[in-house]
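J.: no sequence on this one, just coordinates:
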């Protein structure tokens, strides 16, 4: 059930990232980076569900976690450079943080169960 929740959260998050990027004009290279990292989170979570082994599963979740951290960086940069409204960023940043926390917990649980 938690994995399904994580998949749904990450998909909804990716959609919001795409919509935010659509509204930022003139900064294609930056929006591309945000879009790539923000959508990669869900892609790696989805891929983890089809992992070939427990180690592969953990590896995919760790990649998703790294993408989460990268996405947080891009969101912070967009706010500091005033390309993104702080209120808009706060909501999506909080969503990213929720996904990050669930990923950390899932990775830790998977590692414990793998031993």
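T.: Yep, that arrived. Quick caveat, the model's predicted, so the values are computed rather than measured. Numbers count the residues shown, from 1 in each chain.

J.: what about the nearest residue to residue 110 once chain neighbours are set aside, helix or strand, and which?
T.: Once flanking residues are discounted, residue 110 sits nearest to residue 58: 5.0 Å by CB to CB, 6 or more residues apart in numbering. Placement of C-beta: from N, CA and C, glycine included. Take DSSP states H and E as the rule and residue 58 turns out to sit in helix 54-80.

J.: before we move on, what about residue 52?
T.: Counting by DSSP H and E, residue 52 is found in no helix or strand.

J.: what pLDDT does the model give it?
T.: Per-residue pLDDT puts residue 52 at 95.

J.: for residue 82, same thing?
T.: 92.

J.: next one: phi and psi at it?
T.: Per-residue torsions, residue 82: phi 60, psi 30 (degrees, to the nearest 10).

J.: one step back: I'd assumed residue 112 was in contact with the residue nearest to residue 110.
T.: No: using CB atoms under 8 Å as the test, residue 58 is too far from residue 112 to be in contact (10.7 Å).

J.: comparing the two, which residue is more hemmed in?
T.: Taking other CB atoms under 10 Å, residue 58 and residue 112 do not tie; residue 58 has more neighbours (20 against 8).

J.: hang on, the earlier thing: show me what contacts the residue nearest to residue 110?
T.: Contacts for residue 58 were tallied using CB atoms under 8 Å, 6 or more residues apart in numbering; they are 107, 110, 111, 114.
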